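Trainee: Here is the input, now give the coordinates:
(chains A and B)
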Amino acid sequence: MADLTSEFLGISSPNPFWLASAPPTDKAYNVNRAFEAGWGGAVWKTLGEDPPIVNVNGPRYSALHSNDRRVIGFNNIELITDRPLQVNLDEIRQIKRDWPDRALVVSVMLPMNEETWARYVPMIEDTGADAFELNFGCPHGMSERGMGAAVGQVPEYIQMATEWCKKAATVPVIVKLTPNVTNIVPPAKAAQDGGADAVSLINTINSIMRVNYDTLTMFPTTDGMGTHGGYCGEAVKPIALNMVAEIARNAETSRLPISGIGGVTNWRDAVDFLALGASNVQVCTAAMVYGFKIIDDLTDGLSTFLDDKGMRSVAELVGKAVPSVTDWQYLNLNHVEKAHIDQDLCIECGRCHIVCEDTSHQAITNSLNGERHFEVIDDECVGCNLCVSVCPVDSCITMQPVTEGIDARTGKPIATEKANWTTHPNNPMRIANGPSGPKDE
Amino acid sequence: MAKPAADIRPNRLDKAEIDKNFADLHPPLSRSEALIEADRCYFCFDAPCTTACPTGIDIPGFIQKIRSDNVRGSAQTILRENIMGGMCARVCPTEVLCEEACVRNTHEDKPVEIGLLQRYATDPIFKNGTQLFQRAEASGKTVAVVGGGPAGLSCAHRLAMLGHQVKVFNRDSKPGGLNEYGIAAYKTVDDFAQHEVDYILSIGAIEVRSNIELGVDVTLAELRDEYDAVFLGIGLGSVNELGIENEDLPGVENAIDYIADLRQADDKSALPVGKSVVVVGGGMTAIDIAVQSKRLGAERVDIVYRRGPEQMGASKFEQNLAQTNGVTIHHWVAPTGLRDDDGAITIDVRKTELDENGRLKLIGETAIMQADIVFKAIGQRLAADKLGAELEGLKLERGKIVVDESQATSIGGVWAGGDCVMGGDDLTVSAVQHGKIAAIAIDRHLRS
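Mentor: Next up is the predicted model:
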C-alpha cells in the first residue's frame, strides 16, 4: 500500500485531501464530521473582522445539471463566515486539540491596512492552527468591499497583504489566488515576492448560471434581483489545471508549493493536479454535492493508483507531468498521427463521420460498398482528435502515430528529426539555424 | 364418468382485478425518466432507427428536443411524419423496428426506449388538443376515403393539410379501425384511440360518415363518379378458416370479433370467459386474445401454432408477454378436427414438420386437447365475397390489392393502403405511411 501521508509546508496530514475553505468548514460540527469520515485536513471557512458579515436569506447556490441531474458546475454567492470571530476561534482551538494529526489551516480576509492584520493574525494563530490561507479570491460581495478578488487581481496588493501577514505570523502563509485574471503567473509571483510559503488555486470564477425561462430574470434571484457568483465544480477543473501548470512550469515560480483546487471529484482529478505540480488538493464542491463519504474513493483510488504505478508516496507523483507542458511554439510539427477506428468496437453511430464532415476535414467515410461503414481516410486526416473526442465508445477510435513512410495527406516522407515553429519557414520570426526548445529546457 | 359441459361465464375476476389486469402495459415515462432516457440517444448520423421506422420519423431529432425540454417541437417532429405517432408509440413492435436498429444494442443489448419517449413527447398534444398542423388554401377538390382505420385517417389528415376536402366512409360506428376495435386493451387505455381520432379530425375539412360499408351502402363506381379521387383503406374484412370439420360449433369463435367486443365493453368483467381456452394462430391477434383471455380470468390458455417461434408473426416481445402471462405456446402442432364434447370442445391435433421441400406436413398420432372456447386467429383476408363487384377491374395478388410505390391501384383515380394492399403487414405504422404516401400522390394528381 502506498503511503498517502502528506507533508505540505511541514504540515503533516494522513492524506493529501483537505477540505477547502467554504461552507463545509464553516463550523466545528461539520469539520468534526469530515475528520471522522477521514479527510486529511481542512481550511476553516474565511474569518474576517467583527462584526461578522451577513448572508442573503435566500438562494446562495445554483447548479449546472446534466439531464440526470448530475451536478456538473456549481455557483455560489455565499460570503465569508457570518459568525462572531470568537466563536470561530474557540471552535478552531478545540478542533485542533481533538484532531492533532489533521491539518487545520485558517482562511482569512482582512481590509487593506497593516494594523488590522497585525491585530488579527496573532489572535488567530493563538488557536494552534497550522497555517494561514489568505483569501484573495472570493469574486462576489467581498470584492465589492475591496477584499477577496479585488486584492487578488492586483499583484501589488497581493504582495503587500502577504507581507503584512507574514510579518505578524509565525506559521506558514498560503495565498489563495483568483482565476479571474488573464495571466495567473504575476499574482503567484507577487505572493512569492511577498514571502508566501505557498499558493493555493483556483478560487471560483465569476459566473451567472442561467435565466429563469418563465420570468426572464437571471436565476436564481434574491427577491427578483441577482448577482454574479463564483463558479466551481467539475466544469472548472481544466481551467484550474492550466493555472496550476502555468505556475509549476514557470522558472520564476516553479519552486513555490501549490495546493491544487478546482473540481476535484474523484481520485483521478487529484492525480491530474498532483502530476501537474500541486503538492496536495483541496475539495469543496464534490463534498457539497455528495457529502464527506467521497473521501473513501479519493484515498482508496489514489492509493491503488500509486501502487499500480509502483510509487510509494504521493510525493513521487507530484510534478510528474509538468515537463510535458510547454508552449505551442515548441510542439514537434514533424510528428504525424492519424485516427484509427476499431471496426470490432464500432457501433456505427456515425458521429465521427458527421462531425468530421460538417466541421473538420472530411476524413471519415460513411459507407463501403453501399453498406453503413465508418473508416478514416488517411489522405485527409490531420489527426485532430475530434472523432476520438465525440465517439461514445471508449477506445474505439484511437490516435496512432505514423513513424515511417509517407504521410498520405501531405505526400511528404515522415521526418525522424523534430522541428517546431521556431524554425518553421512560414514563421517570419524564425531562428535561422537553430536548435529549438523551451528556454528552460 | 360424466364429461364436463362447457364452463363459460362472466365475472371470473372482480372489477378491481380486471382493472389491474387491463391497466397500461407500458406506463408513461415521467419527465425525469424521459430526460435520462433521452440522454442515452447518441444522435446518430443517418440514424438507423429512422431508417427502420416505416414512417421515417426523425427519431434522434425528436429525442434531442425532449432532451432540451422542447416537448411540443418534439411532438411536431413525430406527428408530421406519422399522425398516429401516439398510437404507434403504444402498439408498434419497436423491438423489430426502431429499437432493433438502435446502435446501443451492439455493446449493451439495451436500446434507447424510443417508443416510450415518443409517447412522452406526444401525450401532452392529445391531452391538451394542441393543434400543430394547418390546412393549406382550399383546393376545391374532394376525396373519398373508404375506411376509417389508420390508413384512411392518415390519408384524410394529410389530404386536409394539403387543402382538400375529405369524406371518410367508415363501416363501423366509430372511426379508428383496428386501433379502436382490434388492439389489446392494455396497450391503449383510457380511450386513447378516440382521442387520437378526435385530434386528427380537429384539423377540419374531414367529414366522417359512419356505418357505411363499401359494396353494401355505396359502390366504388359511385365514389369514382362523385369524387375527384378515391382512397381505399378497407382493411381485411373476412377471417381465414381453419379448413377443418365442425368450425361452426358453438364455442368456436373468431378472435377479432371477441377482441372487438372486449374493446367496446364498458364492463369487462361482464364478458363471458371460458375456463379453458385454446387459440389457433401465431400472430399478434393470437397473442392478444390469449393474454386478454388470461387476464379476464381464464384458468388455462393454450396457443396452438403449426410452425416454430421464428415463424410466428408475433414478435419476440409478444411471445414473451404471452408466456409471462401464463399462456402455453405449442409450436409445430396443427388442429385437424373439432368435436362437440357435451358442450365443451375437443380438438384433434397432430404434430407437424417441414418436408424436404420446405412444405408443412402432419406427422405422428392424433392427440386431443379440450377447451371451453376455441379462438381462430390465423389471419384475415379481403372480404372478396362482399366486394366482388367492387373489386372488378382492381388488380389483386394473393387476395390483396396491388399498388405501385405511390399507392396507386390499377384503376385510375383510385389509391389504396393499409392491410388490404400487397405489402401491407398488419402494422398501424405501415398503414399510416401508406395513407400519407397516397395523399401526397393524390395531391400531385389533383394539381396536375
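Trainee: Count the neighbours of the one residue in chain A that gets nearest to chain B for me.
Mentor: Using CB to the nearest CB, the single residue of chain A nearest to chain B is A:G350, 3.0 Å away. C-beta here means a position set from N, CA and C on the backbone, and glycine is covered the same way. For A:G350, the neighbour count with other CB atoms under 10 Å in any protein chain shown is 24.
Trainee: Now do the same for B:K3: its pLDDT.
Mentor: We note a pLDDT of 54 for B:K3 in this prediction.
Trainee: And for B:G326?
Mentor: Looking at B:G326, the pLDDT reads 97.
Trainee: How about A:G141?
Mentor: Looking at A:G141, the pLDDT reads 87.
Trainee: same check, this time on A:M288
Mentor: 98.
Trainee: coming back round to it: so the residue of chain A closest to chain B touches A:F374, yeah?
Mentor: Yes: between A:G350 and A:F374 there is a contact under CB atoms under 8 Å: 6.1 Å.
Trainee: quick one: common contacting residues for these two?
Mentor: Shared contacts of A:G350 and A:F374, defined by CB atoms under 8 Å, 6 or more residues apart in numbering or on different chains, comprise A:N366.
Trainee: Once you drop chain neighbours, what's closest to B:V278?
Mentor: Using CB to CB, 6 or more residues apart in numbering or on different chains and skipping the chain neighbours, the partner closest in space to B:V278 is B:A371 (4.0 Å).
Trainee: Could you report the neighbour count for the one you found?
Mentor: Using other CB under 10 Å: B:A371 sits among 26 other residues.
Trainee: show me what contacts it?
Mentor: Counted by CB under 8 Å, 6+ apart, B:A371 has contacts B:G251, B:G274, B:S276, B:V277, B:V278, B:D302, B:A344, B:I345, B:I347.
Trainee: Run a quick neighbour tally on B:K294.
Mentor: Applying other CB under 10 Å, we find 19 residues neighbouring B:K294.
Trainee: tell me the secondary structure for it?
Mentor: helix (DSSP: H, G, I helix; E, B strand; the rest coil).
Trainee: swap in A:A42?
Mentor: strand.
Trainee: swap in B:Q370?
Mentor: Once three-state DSSP is applied, B:Q370 turns out strand.
Trainee: Test for you: state the pLDDT assigned to it.
Mentor: 94.
Trainee: What is the neighbour count of it?
Mentor: 17.
Trainee: Please name the bridge partners of it.
Mentor: B:Q370 forms beta bridges with B:T346, as assigned by DSSP bridges.
Trainee: which residues sit in contact with residue 128?
Mentor: Looking at chain A here, since you left the chain open. A:I92, A:R93, A:K96, A:R97, A:L104.
Trainee: Oops, wrong one, chain B.
Mentor: Contacts of B:N128 (CB under 8 Å, 6+ apart): none.
Trainee: how much space between it and B:E222?
Mentor: 40 Å (CB to CB, to the nearest Å).
Trainee: Equivalent analysis for A:C396, please.
Mentor: 63 Å.
Trainee: any idea what sits nearest the residue in chain B that chain A sits nearest to, other than its immediate chain neighbours?
Mentor: Residue of chain B nearest chain A, by CB to the nearest CB: B:F45 (3.0 Å). In this structure, B:F45 finds its nearest non-sequential neighbour in A:G350, 3.0 Å apart by CB to CB, 6+ apart.
Trainee: May I ask which helix or strand encompasses residue 35?
Mentor: With no chain named, the answer covers chain A. helix A:28-37 (DSSP states H and E).
Trainee: let's do chain B instead
Mentor: B:L35 belongs to helix B:31-39, assigned by DSSP H and E.
Trainee: what does that helix contact?
Mentor: A:66-69, B:29, B:63-64, B:66-67, B:69, B:112-113, B:116-117, B:120.
Trainee: sorry, back to before: need phi/psi at the residue of chain A closest to chain B.
Mentor: phi 80, psi 10 (degrees, to the nearest 10).
Trainee: check contacts around it.
Mentor: A:N366, A:R372, A:F374, B:C44, B:F45, B:D46.
Trainee: What subset of the residues you listed is buried?
Mentor: Buried by 16 or more other CB atoms under 10 Å in any protein chain shown: A:N366, A:R372, A:F374, B:C44, B:F45, out of those.
Trainee: so of these, which ones are in strands?
Mentor: A:R372 (DSSP state E).
Trainee: re the thing from before, nearest to A:H340, of the contacts of A:G350?
Mentor: A:F374 (11.5 Å; CB to CB).
Trainee: wait, what's in contact with the residue lying closest to that closest one once chain neighbours are set aside?
Mentor: Closest residue to A:F374 apart from its sequence neighbours, by CB to CB, 6+ apart: A:H353 at 5.2 Å. Applying CB under 8 Å, 6+ apart to A:H353 gives the contacts A:I364, A:T365, A:N366, A:F374, B:F45.
Trainee: buried sites along the host helix or strand of A:H353?
Mentor: Taking DSSP H and E as the criterion, A:H353 maps to helix A:351-359. Burial within helix A:351-359, assessed by neighbour count using 16+ other CB under 10 Å, is assigned to A:R351, A:C352, A:H353, A:I354, A:V355, A:C356, A:E357.
Trainee: In JSON lines: those, plus pLDDT.
Mentor: Conversion of these to JSON lines gives the following (pLDDT from 0 to 100):
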{"residue": "A:R351", "pLDDT": "98"}
{"residue": "A:C352", "pLDDT": "98"}
{"residue": "A:H353", "pLDDT": "98"}
{"residue": "A:I354", "pLDDT": "98"}
{"residue": "A:V355", "pLDDT": "98"}
{"residue": "A:C356", "pLDDT": "98"}
{"residue": "A:E357", "pLDDT": "98"}
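Trainee: could you give the mean pLDDT of stretch B:15-25?
Mentor: Computed over stretch B:15-25, the mean pLDDT rounds to 94.
Trainee: what's the answer for stretch A:264-284, then?
Mentor: Averaged across stretch A:264-284, the pLDDT comes to 98.
Trainee: Just the terminal-to-terminal distance for that stretch.
Mentor: 8 Å (CA to CA, to the nearest Å).
Trainee: got the buried residues for that stretch?
Mentor: Neighbour counts over stretch A:264-284 (16+ other CB under 10 Å) mark A:264-265, A:267, A:269-284 as buried.
Trainee: Tell me the residues of chain A that contact chain B?
Mentor: A:66-69, A:345, A:347-351, A:353-354, A:366, A:372, A:392-393 (CB under 8 Å from any CB of the partner chain).
Trainee: To what extent is B:D342 buried, counted in neighbours?
Mentor: B:D342 has 10 nearby residues by other CB under 10 Å.
Trainee: Likewise for A:V185?
Mentor: 16.
Trainee: Which pLDDT does the model give it?
Mentor: Value for A:V185, per-residue pLDDT: 98.
Trainee: now it, nearest residue through space, not along the chain?
Mentor: Nearest non-adjacent residue to A:V185, counting by CB to CB, 6+ apart: A:N250, 5.3 Å away.
Trainee: Look up how far A:V175 lies from the one you found.
Mentor: A:N250 is 16 Å from A:V175, by CB to CB.
Trainee: Pick out whichever of those two has more residues nearby.
Mentor: The residue with more neighbours, out of A:N250 and A:V175, is A:V175; 31 against 15, by other CB under 10 Å.
Trainee: Which of A:C396 and B:E222 has more residues huddled nearby?
Mentor: Just comparing A:C396 and B:E222: by other CB under 10 Å the higher neighbour count belongs to A:C396, 21 against 12.
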